[in-house]
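In: sequence-free structure coming up:
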């Protein structure tokens, strides 16, 4: 499945971004009260980013310090997730590993790849008043 979302940040620092998420859901085990799923996904974050830098320029009156702004709309980050979820009765547990692959844009130097582990637990309960 593929999902797209877009956002616009307004105010003094306007910006916009587009996020594409692609994922596949694989059921590893299914029973009457248990499901184990693997749902890997890939996110592409494309956004506008502003870079501010300064430069000393020679002028007839001597060196002058000038600030510049460069706006870039590009792929900023790719995130790959490898989660496994276990659902039993009303409980839901998930453990996964996420890998971030940032893309250097503008005058940035190469950025380090980072990763992290996520854990979550949830419980669903019925709020209905019908008995």
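Out: That came through fine. What you see is a predicted model, and the numbers here were worked out from it, not measured in a lab.

In: rest of the way, CA atoms for contacts and neighbours
Out: OK.

In: which sections of this structure are below the confidence cut-off?
Out: The chain contains residues with pLDDT under 70 at 130-131.

In: That one: strands as residue ranges?
Out: Per DSSP state E, the chain carries strands over the ranges 2-9, 15-23, 26-31, 34-38, 41-59, 62-88, 91-102, 114-123.

In: Format those as TSV; extra columns: mean neighbour count.
Out: What follows is the strands of the chain, written out as TSV (neighbours: other C-alpha atoms under 10 Å):
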stretch	mean neighbour count
strand 2-9	11
strand 15-23	16
strand 26-31	11
strand 34-38	16
strand 41-59	14
strand 62-88	15
strand 91-102	16
strand 114-123	11
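
In: if we compare the ones you listed, which one ends up closest to residue 108?
Out: strand 41-59 (9.1 Å; C-alpha to C-alpha).

In: Check which helices and strands that closest one is in contact with.
Out: Other helices and strands packing on strand 41-59, by 3 or more C-alpha pairs under 8 Å, 6 or more residues apart in numbering; DSSP states H and E, are strand 15-23, strand 62-88.

In: So for residue 52, which of these sits nearest?
Out: strand 62-88 (4.7 Å).

In: Sheet-wise, list the partners of the closest one with their directions.
Out: According to DSSP bridges, strand 62-88 has the following sheet partners: strand 34-38 (antiparallel), strand 41-59 (antiparallel), strand 91-102 (antiparallel).

In: Redo these as a markdown table? Include distance to residue 118.
Out: Converted to a markdown table, the strands paired with strand 62-88 look like this (distance: least, C-alpha to C-alpha, whole Å):
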| stretch | distance to residue 118 |
| --- | --- |
| strand 34-38 | 14 |
| strand 41-59 | 14 |
| strand 91-102 | 5 |
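
In: Tell me which of the ones you listed lies nearest to residue 15.
Out: Of all the strands paired with strand 62-88, strand 41-59 comes closest under C-alpha to C-alpha, at 5.7 Å.

In: Name the residues that touch the closest one?
Out: 15-24, 63-82, 106 (C-alpha atoms under 8 Å, 6 or more residues apart in numbering).

In: Including distance to residue 95, could the helices and strands packed on strand 41-59 go into a markdown table?
Out: Shown next, in a markdown table, are the helices and strands packed on strand 41-59 (distance: least, C-alpha to C-alpha, whole Å):
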| stretch | distance to residue 95 |
| --- | --- |
| strand 15-23 | 16 |
| strand 62-88 | 6 |
